[in-house]
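> Got a predicted model here, sequence first, then my questions.
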Amino acid sequence: MTKGAAGLNKQERSHLLHDTLKQAEHPVSGARLAKLCGVSRQIIIKDIAAMRKEGIPIQPTAAGYLLAKSPATCIVACRHSAPDFLEKELFTVIEGGGTMIDVFIEHPRYGRLRNELMLSTQKDIAQFLRDMESGQPLCSLTDGLHMHTLSAPSRETLDAIVSRLAALGILVS
C-alpha cells in the first residue's frame, strides 16, 4: 500500500478517521480531519465515501462528519400552517437531543417529494430558516401535512421528543 503525506496508508487513515469520529461528540470538519491525517480535504472526502460504502454509518452534516451511533429512528406525521410552528417543531426535536433527518410529503399529482435536512443543532436550524425566507416549506403543497424521519441516540430520547411534538398539537395520529 502507498503511504500518504503523513506516512499513513489508506487503511491506517480509515482507522484513524473512524477512531476520531467515534470519540467526537460533535461533527468534525473535513479540514480538521485532513490536517489530522496530513492529506488534502479531497482525500478525506474519498476516504469517507469508501468507509460509508463499506457500511460505516458516517453522516455528513453542514458542520462536518459525524459517526452515527446506531440511533433510534421513527417517522412522524405533522400538520401545521403557521410559520412559528415550523420553528417550534424544529427546536423541539433538536433541544430534545434528536436529529430531523428529512421532510417529505405525499403529493396527489407528483407522488412522494422528499428533502434531506439533517438538522441537529441550533446553527443548522438558523441556516435552514434563513434559506426558507425566500421560499415556502414543502408542506405548503399539502395544506400543512408532512412527515419527518427523526433520529435520536436512544428509543427513550426519541419517545420523549415525539411526546413533546404531540403536546404542541402538531402530530397527526
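Looks like it arrived, so ask away. Numbers count the residues shown, from 1 in each chain.
> Show residues contacting the helix or strand of the chain with the lowest mean pLDDT.
Every helix and strand in the chain was compared by mean pLDDT, DSSP states H and E; the lowest is strand 58-61, with a mean of 89. With contact meaning C-beta atoms under 8 Å, 6 or more residues apart in numbering, strand 58-61 is reached by 21, 27, 48, 51-52, 65-68, 118, 120, 124. Any C-beta I mention is one placed from the backbone N, CA and C, and that applies to glycine too.
> What does the pLDDT read for the residue most central in space within the chain?
The residue lying closest to the centre of the chain (C-alpha atoms, centre = their mean) is M118, at 2.3 Å. Turning to M118, the model gives it a pLDDT of 92.
> Please tell me how far it sits from L67.
14 Å (C-beta to C-beta, to the nearest Å).
> same deal with D159?
Remark: distance between D159 and L67 (C-beta to C-beta) = 23 Å.
> related to what we said a few turns ago, and the contacts of strand 58-61, which are buried?
Among those, those classed as buried by 16 or more other C-beta atoms under 10 Å are 21, 27, 48, 51, 65-67, 118, 120, 124.
> In strands only, show me the residues you listed.
With DSSP state E as the criterion, strands contain 65-67, 118 from among those.
> Now compare the residues you listed and name the two farthest from each other.
L67 and M118 (13.9 Å; C-beta to C-beta).
> Give me the contact list for the helix or strand hosting E12.
Following DSSP states H and E, the helix or strand that holds E12 is helix 10-23. With C-beta under 8 Å, 6+ apart as the test, helix 10-23 has contacts from 1-2, 4, 8, 28, 33, 36-37, 39, 43-44, 47-48, 50-51, 56, 58, 65-67.
> leaving aside the residues next to it on the chain, what's closest to the residue nearest to the centre of the chain?
Of all residues not flanking M118 in the chain, T61 sits nearest, at 5.4 Å (C-beta to C-beta, 6 or more residues apart in numbering).
> ok, that neighbour - how many residues close by?
17 (other C-beta atoms under 10 Å).
> Any idea what it is bridged to?
With DSSP bridges as the criterion, T61 is bridged to G64.
> what about it, distance to K123?
Counting by C-beta to C-beta, the gap from T61 to K123 is 10 Å.
> Thanks again, I'm all set now.
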